[in-house]
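In: what follows is a predicted protein model with its sequence.
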Amino acid sequence: MEIRKRTSKSVAGRHDLNYFKKGSPLRTWQGKLTLLAIALVTLWAVGTAIFRGPQLLSSGPISSSHAVFGAKCGACHRPVQGNLFHRAGFRKDVPDSACLACHAIPAHHANQRFTPRCSTCHVEHTGSMMLAHTSSANCTQCHAQLSTQDGASHFVNAIHSFVSGHPEFAPLRAGFADDQAIRFAHAAHMKHGLLGPHGPVTMECSDCHRVVADQADAWPYGAQPQPTPYAPSGEAGNAVLARAMNRDHGRAYLGPVAYAAGCHDCHTLLFDNHVAEEAPHADPAQVRFFVAAKIRTFAAQHPDVVAAEVSNWTPEPMGRVPRAPLTAIPHNAAEWVTIRTAQAERRIWHESCNLCHEAQIPEIAANATASELAAAVANPEMLPKLKPTHQPARWLRHAVFSHQAHQSVGCVECHTRATNSQNASEILLPSISTCQHCHDGKSHPQGPALATGHAESGCYLCHEYHGWDEKGLRPTPVKAESLRELGVLMGPR
Amino acid sequence: MRIDATHRPWLIASLWILGIALAAYVPYALVAQHVSGGTAVGLIFGSIGFGFMLFAAALGIRKRYPIWRIGRAQTWMRGHLWLGSLAFPIILLHAGFHFGGWLTSLLMLLLILVTASGLVGAYLQHTLPTRLMREVAFETIYDQVDHIRGRLVVEAEERVQGVAEHLAPGLGAGATVVLTYIGAIPEINTELEKFTETFEKQIRPWLENKDRKSILRHREQSVQLFEELHRMLPEGAWKTVDALEEICEEKRQLDRQVVLHRMLHAWLLCHIPLSVALIVLGFVHAIGSLRY
């Protein structure tokens, strides 16, 4: 028996010379699977085109605001009249007219050099929840080197970001002064164990400074609740301001501290031992009218008490604010009323009004006679002149802010000087550097995406490009007619 | 294809292209209000990335027409490998690292699968041929394997028949009455029957691929079996036993070749169909993007 020999001839002789005619199974499967893949993607594309329309070509989910349009791409993408490329149906852009068909938008500034297209800032197809959250680059493309149509701008003209070039807040810049403040020392009111209506009180900032939504709540240490509805100080009836103040459901801004809600329980306006009621916290003329009426009423209702005091007159007691007591002595009920009224006025002007308000109080001579006192309490010239006060509802008129968004931070973390302030005219706003401590431009998208522990620093956080609040405008609701024309609303006209 | 020192120029060129792309992307991403494929820079990245994909896909056409004189096949293959790999990062820059809508998400998914399967394929093509050379000395043309295996069955049958004729001519095909009468050797007949039974019940089914759990799949057990046949049969039959053992070894190696060949090429069953789907949808995306 021969051994098995492998020669080229013997090996070659075993081969099927027609093998290439049979085809390779692997290549056959490659061809079949390739055809299957083409069929599947074609089926998918055609099916999506049929059932979802041009949504197939969408570059991403549209924002929640425009989700109502669904697959009606033509609502925003309009054919552009242009060259052959455009006429062939390519580059259906989103012109501003498509946006303005529904939205009435105020201009940013009348003298701005150029106006970007709506879609430049409000970027769609990114699944955005808030289209107003625009890139800071949209703002700094002008504000980094600001100029206007009529020359240089009076705004700071080299703002590159919140942490680069942004000026200090206006109320904290040199030359700004609050000359309409009351006499008030935060430091005195933040002491431990102050004498409150029911005993020692140690106050917190939020006892007096409350957000607009909580403005009607009573002062927590009060004798009885004194609910005070919100009214911007000195700007009552300003609907624009009121709307701005009601941002975040009234939790964005702190309402002004009103006397009734914040001061009354400790600083009462009692004016006479015989009258339990307090004078109103109002114009001096109204106070005078109230005081005189109450004392007259007491005299009419209690003639025996008046008669007893006329016969046994006690000089005016020394008040909290040292002054010479009136020496006039009543001889009858009418003079008793006059002298008690004059005493009450002096007490309220000097001890109550003058405590918080800068006042020019005409002095009544201590030795004035009853008739002279009668003339004085009837003389409008003898009313005190109070310096007007004003608590701005918002210190930063060109920016918005929300205390609610910062509620996890303690008040004095930002308002560091509040507990030591001796004068209400000091602006206790935190400096921009305090804000920049967290809003440091290092977080996404203004900074590296992976930076953590840094708050966002986008311009849109504080500034409104369209300035709805500043211009006193309200975003107009989208017209139903516009939606009908776009085929979004199908109901009857 | 082995990835060796000859790929160095392609590696360097690819790194340069990637570096230039990144150098262009970073300032664009920092300055631009919105990074997307629809911006001018995004469109440039998209065009380059799609161009790389089309070039990679052209390899399939080049292979179909090997006689075309449009560059060496190796150059095409290297271009396919390196530029095809580059398409992925370039498309990521095009998309600004976002998946976008349905179509673009599907495209990105396909691109990831195509790139991943391509890299797996490149690794297999780099390593398996060496293994094939080492492990399959009897390697033949893959498409001939079934035919050769059939021939091995025939050859084995002839060898076995030869042994029977050599050891028991009275039982063989050419036996005469006299030979049968005087030549029958009962001892050998018994062993011969056992040998024939071993062939029919163990060796032939395995050679014909009918017994896929045969012990002959394993070289050690195969050696053991044939050693037993050696001990059982007289020396005159040993050459035939050795030949049968070699036939089994060749069959075992051809089986191994089939396994390795499938490993070497099976990834293409994923890579090619997905690549074609990617190209088709890429055109849909390109045209659609120009429309909106």
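Out: Okay, I see it. As the structure is a prediction and not an experimental result, all values here were calculated from the model.
In: who's in contact with residue 54?
Out: Assuming you mean chain A. A:71, A:73, B:288, B:292 (C-beta atoms under 8 Å, 6 or more residues apart in numbering or on different chains). For every residue, glycine as well, the C-beta is placed using N, CA and C.
In: ah, no, chain B please
Out: B:Ile279.
In: show me the shaky parts of chain A.
Out: A:1-2, A:80-83, A:85-92, A:223-243, A:446-452, A:472-475, A:488-493 (pLDDT under 70).
In: helices of the stretch 1-150 of chain B, start to end?
Out: Secondary structure of the stretch 1-150 of chain B (DSSP state H, counting those that start in this stretch): helices at B:8-31, B:40-64, B:73-95, B:102-135, B:145-167.
In: what does the stretch 51-200 of chain B put close to chain A?
Out: B:98-104, B:106, B:140-144, B:147-148, B:151, B:159, B:162-163, B:166 (C-beta under 8 Å from any C-beta of the partner chain).
In: domain assignment for the chain?
Out: Went with chain A since none was named. A:43-51+A:67-108+A:115-131, A:186-253+A:394-430+A:463-490, A:284-386 (automatic domain parsing).
In: should've been chain B
Out: B:5-136+B:275-291, B:142-260.
In: what's the span of the last one, first residue to last?
Out: For domain B:142-260, the first and last residues are 10 Å from each other (C-alpha to C-alpha, to the nearest Å).
In: model confidence over it, on average?
Out: The pLDDT scores in domain B:142-260 average 83.
In: please state the offset of it from the chain centre?
Out: 30 Å (C-alpha atoms, centre = their mean, to the nearest Å).
In: swap in stretch A:377-393?
Out: Centroid displacement of stretch A:377-393 relative to its chain, using C-alpha atoms, centre = their mean, is 31 Å.
In: ok, stretch B:114-134 next?
Out: With C-alpha atoms, centre = their mean, you get 9 Å for stretch B:114-134.
In: same deal with stretch A:314-321?
Out: The mean C-alpha position of stretch A:314-321 is separated from the chain mean by 47 Å, C-alpha atoms, centre = their mean.
In: for A:Arg183, which of the domains of chain B is the nearest?
Out: domain B:5-136+B:275-291 (50.4 Å; C-beta to C-beta).
In: and the helices of the stretch 1-150 of chain B, which is most packed in?
Out: Stretch with highest mean neighbour count among the helices of the stretch 1-150 of chain B: helix B:73-95 (a mean of 20; mean count of other C-beta atoms under 10 Å in any protein chain shown).
In: relative to helix B:102-135, how tilted is that one?
Out: Between helix B:73-95 and helix B:102-135, the angle comes out at 150 degrees (axes from the mean of the first three to the mean of the last three C-alpha atoms, to 10 degrees).
In: helix B:73-95 packs against which elements?
Out: Contact partners of helix B:73-95 among helices and strands, from 3 or more C-beta pairs under 8 Å, 6 or more residues apart in numbering or on different chains; DSSP states H and E: helix B:8-31, helix B:40-64, helix B:102-135.
In: you'd agree A:Thr476 is up against A:Pro106?
Out: No. Look at A:Thr476 against A:Pro106 with C-beta atoms under 8 Å: they stay out of range, at 10.0 Å.
In: neighbour count: those two, which is higher?
Out: Between A:Thr476 and A:Pro106, counted using other C-beta atoms under 10 Å in any protein chain shown, A:Pro106 has the larger neighbour count: 15 against 11.
In: roughly how far apart are the more buried one and A:Lys471?
Out: Distance, A:Pro106 to A:Lys471, using C-beta to C-beta, to the nearest Å: 5 Å.
In: help me confirm that A:Leu33 comes into contact with B:His271.
Out: No. Using C-beta under 8 Å, A:Leu33 is not in contact with B:His271, being 10.2 Å away.
In: which among the helices of the stretch 1-150 of chain B is found nearest to A:His390?
Out: Closest among those, using C-beta to C-beta: helix B:8-31, at 44.3 Å.
In: quick one: that closest one near chain A?
Out: Yes. Helix B:8-31 is in contact with chain A by C-beta under 8 Å from any C-beta, via B:Val31.
In: okay, the helices of the stretch 1-150 of chain B in a markdown table with distance to A:Pro25 next?
Out: Listed next are the helices of the stretch 1-150 of chain B as a markdown table, based on distance: least, C-beta to C-beta, whole Å:
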| stretch | distance to A:Pro25 |
| --- | --- |
| helix B:8-31 | 33 |
| helix B:40-64 | 18 |
| helix B:73-95 | 23 |
| helix B:102-135 | 19 |
| helix B:145-167 | 10 |
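In: how about the strands in the stretch 251-400 of chain A?
Out: Along the stretch 251-400 of chain A, counting by DSSP state E, counting those that start in this stretch, strands occupy A:359-360, A:385-386.
In: for these, which one sits closest to chain B?
Out: Closest to chain B of the strands of the stretch 251-400 of chain A, according to C-beta to the nearest C-beta: strand A:385-386, at 52.8 Å.
In: coming back round to it: just tell me which of the domains of chain A ends up closest to A:Gln436.
Out: Here domain A:186-253+A:394-430+A:463-490 is closest among those (C-beta to C-beta), at 10.2 Å.
In: the closest one near chain B at all?
Out: No. Using C-beta under 8 Å from any C-beta, domain A:186-253+A:394-430+A:463-490 stays clear of chain B, coming no nearer than 12.9 Å.
In: burial measure for the spatially closest residue to A:Ala344 that is not a sequence neighbour, as a count.
Out: Of all residues not flanking A:Ala344 in the chain, A:Phe271 sits nearest, at 4.1 Å (C-beta to C-beta, 6 or more residues apart in numbering or on different chains). Close neighbours of A:Phe271, defined as other C-beta under 10 Å, add up to 26.
In: all set now, cheers.
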